[in-house]
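1. Pasting the sequence and the predicted model now:
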Amino acid sequence: MTGSHCLNCNATVHSRFCPDCGQKSDTHRIVLKHFVMHDLLHGVWHIERGILFTIKEALVRPGQAAMDYISGKRIRYYNVFYLCLLLIGFTVLLSHFYESFETTHATKSNAQSEHIKNFFKDNLKFIVLSIVPMLAICGYLIFRRLKLNLAEHFIIAGIALLGKIFITMVGISINFADRWLPDFMGYVEAVFPFLILLWPVWVYTNASKGRYRFGGLLWRFIVFYLLFLFLMLVALIAVLFVLTGGEDINFK
């Protein structure tokens, strides 16, 4: 922008940002030095810093981070759902490099089971993201003292899923050390499924800080997991019914 007018929309500007379109008032001609040092490196650093901060918050204080985001403190956070998709991609990439995921270990299966397996493989990101509405519904029905609407529980569920995906990615990465430390890594790897399974406990405990006593949290989490399991089974049965046309499922 030059003078007192926005170069993007030509609105009058009296501050660092255009009041109409939000573009910076110091926009200038693109030159090589500024492009490399500012537009490229500065932009990448800000994106990376937002990603790292969001991942750190999703691990260290996931529930409180979600509550902060819901309350309006959002500028430091990278979009949780975009980040989930990004980490899903990295996790799938890692799994392709790990020998236990190679097709040489696959067994011969019939056409029906191959169709089902291919569906889950081709729609992995949507299947993983479908965990979010299930967690959100469970949280909305059970943790009423948070006084959040269903959409706000989607944020907590998104943070919970982000932690689950990151832990999965770390677990797959650790698998590469099997050949050097097989005994030790066996114990380490056994921990990860429990971490992934119980991660929502940490998220909602952190989010509901001081609102429930231990007994209140305990029975709520029991109901939470039972309801989540029910929703998952209903969704799975519905998907399999559509894929098989209502026929008996045979994985042999």
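-> That came through, no problem. Fair warning: this is a prediction, and the values are worked out from it, not measured in the lab.
2. what ranges of this structure fall below the confidence cut-off?
-> Low-confidence segments of the chain, defined by pLDDT under 70: 1-3, 7, 22-48, 97-116, 176-185, 246-252.
3. P133 touches A151, doesn't it?
-> No - look at P133 against A151 with CB atoms under 8 Å: they stay out of range, at 10.7 Å. For glycine as for every other residue, the C-beta is placed from the backbone atoms N, C-alpha and C.
4. which of those two has more neighbours?
-> Neighbour count, other CB atoms under 10 Å: between P133 and A151, P133 has more, with 15 against 10.
5. Can you name the helix or strand that that one falls in?
-> helix 131-142 (DSSP states H and E).
6. pretty sure S4 is touching N10, no?
-> No - contact between S4 and N10 fails when scored by CB under 8 Å: they sit 10.6 Å apart.
7. got the buried residues for stretch 13-21?
-> Residues V13, C18 are the ones in stretch 13-21 that count as buried (16 or more other CB atoms under 10 Å).
8. Now do the end-to-end distance for it.
-> 11 Å (CA to CA, to the nearest Å).
9. starting at the chain centroid, how far to that stretch?
-> Taking CA atoms, centre = their mean, to the nearest Å, the mean C-alpha location of stretch 13-21 is offset from the chain mean by 34 Å.
10. from here on, count from 10
-> In the new count, where the first residue is 10, that last one comes out as stretch 22-30.
11. can you pull out the helices in the stretch 10-159 of the chain?
-> 41-43, 50-69, 71-80, 89-106, 120-131, 133-138, 140-151, 159-183 (DSSP state H, counting those that start in this stretch).
12. right, so of those, which gets closest to C27?
-> Judged by CB to CB, the one of the helices of the stretch 10-159 of the chain that comes nearest to C27 is helix 50-69, at 19.0 Å.
13. Take the helices of the stretch 10-159 of the chain and lay them out in a markdown table including distance to F237.
-> A markdown table is the format used below for these (distance: least, CB to CB, whole Å):
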| stretch | distance to F237 |
| --- | --- |
| helix 41-43 | 51 |
| helix 50-69 | 19 |
| helix 71-80 | 17 |
| helix 89-106 | 18 |
| helix 120-131 | 19 |
| helix 133-138 | 15 |
| helix 140-151 | 5 |
| helix 159-183 | 10 |
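14. among those helices, which is nearest G225?
-> Nearest of the helices of the stretch 10-159 of the chain (CB to CB): helix 140-151, 10.5 Å.
15. Quick check: buried residues in the closest one?
-> For helix 140-151, by 16+ other CB under 10 Å, it's I140, V141, M143, L144, A145, I146, C147, G148, Y149, I151.
16. For the fifth one, list the residues it contacts.
-> Which is A145. L159, H162, F163, I165, A166 (CB atoms under 8 Å, 6 or more residues apart in numbering).
17. rerun that using 10 Å as the cut-off
-> Going by CB atoms under 10 Å, 6 or more residues apart in numbering, A145 touches L157, L159, A160, E161, H162, F163, I164, I165, A166, G167, A169.
18. ok, the last one - contacts?
-> With CB under 10 Å, 6+ apart as the criterion, the residues that contact A169 are 67, 71-72, 75, 89, 140-141, 144-145, 148, 208-213, 216.
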